[in-house]
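Q: Just the structure for this:
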Amino acid sequence: MALRTCQNFASPFVSSIKLTKKPIRNFKAPVKNCQSDPNESRKLVLQVKERLEKDYNSLPVGKNGRDDEDMILWFLKDRKFSIEESLAKLTKAIKWRQEFRVSELNEDSVRGIAESGKAYVHDFLDINERPVLIVVASKHLPAVHDPVEDEKLCVFFIEKALSKLPPGKEQILGIIDLRGFGTENADLKFLTFLFDVFYYYHPKRLGEVLFVEAPFVFKPFWQLTKPLLKSYASLVKFCSVETVRKEYFTEATVPGNFRE
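A: Got it, this is the predicted structure:
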């Protein structure tokens with residue numbers, strides 16, 4: 001994929017035989033200039049911020065709003081500092097947060113579905129200092145639980161995990177405990193929603209996903225799901241409980257359901 005860039009400098013395009021009448025192409029400076037030079041990235045943040053204020057002034061402001069410069073910079077990095085692509089993805093994310101009422105989610109609003117024990121944010125970071133979101137697949141029952149409540153719980157725990165990011169850290173670890181998984185737990189729609197949240201609204205925040213002790217019955221479900229996840233499928237690692245225990249946590253920090 002060609003690198004998108006920080007600045008556009010118009011220059012005539014000349015063929016090896018004669019001058020072309022095709023539209024002038026833009027030369028763009030390397031993306032690394034934006035990444036290494038705070039002044040360059042700052043200019044782009046302000047440009048995006050001004051465009052959002054001008055063209056999307058109905059969007060909310062404040063944290064995770066159209067004037068949140070940290071959020072703007074994150075989406076610029078995700079879109080290789082392309083202003084137009086960053087604007088498109090940012091506006092979609094901000095509108096979704098507003099419509100989903102993300103800011104209104106709290107412990108009380110998800111208490112009922114949380115009591116199922118199907119997911120939680122671990123109290124400790126992993127050895128790479130990443131917050132950990134754990135899903136217990138055998139407790140996810142799409143035929144029983146309200147899908148809207150499932151989605152609210154999912155978003156609440158993602159937000160909670162991200163709020164625990166230490167300074168300088170940017171990604172979280174997802175662990176899906178597949179022990180006891182059966183066909184009654186399979187939920188293609190919900191898994192797609194989960195990865196859509198990360199792709200569209202929290203890009204590059206998911207560092208790795210561990211599928212722990214996947215049973216044989218899970219394999220056809222994964223083959224069906226994998227193409228839908230696109231690049232995010234590469235973040236998935238199938239592993240054992242022992243791997244989780246020994247490679248991702250210390251003896252003191254390993255989650256209770258992965259202890260011996």
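
Q: How about Gly180: what's its closest non-neighbour residue?
A: Leaving aside its chain neighbours, Gly180 sits nearest to Ser138 (3.5 Å; criterion: Cβ to Cβ, 6 or more residues apart in numbering). Glycine gets a C-beta too; all of them are placed from N, C-alpha and C.

Q: Give me the three-state assignment for the one you found.
A: helix (DSSP: H, G, I helix; E, B strand; the rest coil).

Q: That one - how many residues pack around it?
A: For Ser138, the neighbour count with other Cβ atoms under 10 Å is 16.

Q: from what I can see it touches Asn185, true?
A: Yes. With contact defined as Cβ atoms under 8 Å, Ser138 counts as touching Asn185 (5.9 Å).

Q: Quick check: neighbours shared by these two?
A: Taking Cβ atoms under 8 Å, 6 or more residues apart in numbering as the contact rule, Ser138 and Asn185 touch no residue in common.

Q: hmm, back to that, show the pLDDT at the residue nearest to Gly180.
A: At Ser138 the predicted local confidence, pLDDT, stands at 96.

Q: for the stretch 51-200 of the chain, what spans make up the strands?
A: Here the stretch 51-200 of the chain has its strands, by DSSP state E, counting those that start in this stretch, at 119-121, 132-136, 172-177.

Q: Identify all contacting residues around the last one.
A: What it means is strand 172-177. 126, 128, 130-138, 158, 161-162, 165, 205-213, 244, 248, 255, 257-258.

Q: and it, which strands flank it?
A: Strand 172-177 sits in its sheet next to strand 132-136 (parallel), strand 206-212 (parallel), going by DSSP bridges.

Q: quick one: which of those is nearest Cys34?
A: strand 206-212 (22.3 Å; Cβ to Cβ).

Q: after the closest one, next one along is what?
A: helix 218-229 (DSSP states H and E).

Q: For that next one, name the packing helices and strands.
A: For helix 218-229, the elements it packs on are helix 188-196, judged by 3 or more Cβ pairs under 8 Å, 6 or more residues apart in numbering; DSSP states H and E.

Q: ok and the helix it packs on relative to helix 218-229, angle-wise?
A: Counting by axes from the mean of the first three to the mean of the last three Cα atoms, to 10 degrees, helix 188-196 lies at 50 degrees to helix 218-229.

Q: Residue ranges in the stretch 151-260 of the chain under the pLDDT threshold?
A: 260 (pLDDT under 70).
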